[in-house]
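**Q** From the sequence below, what's the structure:
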Amino acid sequence: MPELPEVETVRRGLDRHLVGRRIERVEVGRERVVRRTSREALIVGLTGTTVLAADRRGKYLLLPLDTGESMMIHLRMSGQVLIAERTRPRPSHTHVVLHLDDGFEAWFVDPRTFGEVVVYDPDRVDSELPEIARLGIDPIADSFTRADLRAIVRSTRQALKPLLLDQHRIAGIGNIYGDEILHRARLRPDRPANTLDARATARLHESIVEVLVAAIEAGGSTLSDAQYVDLMGVEGSYQDDHRVYARGGERCETCGRGWIRRTVTGGRGTHFCPVCQR
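**A** You can find the predicted model right below:
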């Protein structure tokens, strides 16, 4: 599933290629991707509008329109947003097409159809998109200080890995970056959050920011299924820098002594080095 770095990479592409463009016509294929409203609601809500900005909260893309409404795009497991000239053949599983005023098209592609595209009223986000209203602090889009993290970890005995994945506390981190962040911070994924002292909390804060920023700079992580790509269809490269994620049974490249273990923490597959992360 695309996480914060992948969604931020897509957001930056939309900021360059979609902001300021007028949507002349809209096509909607499978209604599953507009299941929260309807095909007609998306077509009416987007046709003739101009995209004013490209924002992001956690794993959600939020695009304000000149009508006062906004478009939300959630990639979920396999969604892609692509920009291409109208003459190019569309990929399979292209479910939403925005015809733009510059001769290009924006495609929402989703083989598994778990993702969605919605037009909503930002003043009614609590009722129309309550999951966005409940998101926690975004470590890239918001001011995210050590004090913010200290307040979060002190408030719960929840294990660190599920805490990082709790979107109501910290928005945008998923399984890949949860593993990589904890490895860089030298913290076990099953350690209770409220046992962290000031030094460990500082390491965790630094690791959250450094891992996410590095992954964004690398264009995100494209795994073996190659389902995540940026707006131009280019794969990310941060998977080449993964230290523990999906490397169970391999020698740890950080310490050279431990072997990466795969366990289950909070119901999620988790990878860590028992030497680095005591």
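**Q** List the contacts of V109.
**A** By Cβ atoms under 8 Å, 6 or more residues apart in numbering, the residues touching V109 are 79-82, 91-95. The way it works is simple: take the backbone N, C-alpha and C, and place the C-beta from them, glycine included.
**Q** Oh, that last question was meant for T94, not what I typed.
**A** 29, 107-109.
**Q** I'd like to know which of these is nearest to L149.
**A** F108 (34.0 Å; Cβ to Cβ).
**Q** what's the neighbour count on the closest one?
**A** 23 (other Cβ atoms under 10 Å).
**Q** Can you check the pLDDT for it?
**A** pLDDT recorded at F108 is 98.
**Q** With A226 instead?
**A** 70.
**Q** In this structure it contacts V234, no?
**A** No. Applying Cβ atoms under 8 Å as the test, A226 and V234 come out as separate, 11.2 Å apart.
**Q** Which one's more surrounded, these two?
**A** A count of neighbours by other Cβ under 10 Å puts V234 above the other of A226 and V234, at 12 against 8.
**Q** If you drop the residues flanking it in sequence, what lies closest to that one?
**A** The spatial neighbour of V234 that comes closest, neighbours along the chain excluded (Cβ to Cβ, 6 or more residues apart in numbering), is G219 at 6.8 Å.
**Q** secondary structure element for E27?
**A** strand 23-28 (DSSP states H and E).
**Q** Take the contacts of T94 and write them to CSV, including secondary structure.
**A** Below are the contacts of T94 laid out as CSV (DSSP: H, G, I helix; E, B strand; the rest coil):
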residue, secondary structure
G29, coil
W107, strand
F108, strand
V109, strand
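**Q** Distance to N175 for those residues - can I get that in JSON lines?
**A** Below are the contacts of T94 laid out as JSON lines (distance: Cβ to Cβ, whole Å):
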{"residue": "G29", "distance to N175": "29"}
{"residue": "W107", "distance to N175": "27"}
{"residue": "F108", "distance to N175": "23"}
{"residue": "V109", "distance to N175": "22"}
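**Q** Can you give me the neighbour number for the residue nearest to V234?
**A** The burial count for G219: 22, using other Cβ under 10 Å.
**Q** same deal with R243?
**A** Neighbours of R243 (other Cβ under 10 Å): 19.
**Q** roughly how far is stretch 264-273 from the heart of the chain?
**A** In terms of Cα atoms, centre = their mean, to the nearest Å, the centre of stretch 264-273 is set 19 Å apart from its chain centre.
**Q** How about stretch 196-216?
**A** 18 Å.
**Q** State the mean pLDDT of it.
**A** 98.
**Q** for stretch 148-161, same thing?
**A** 98.
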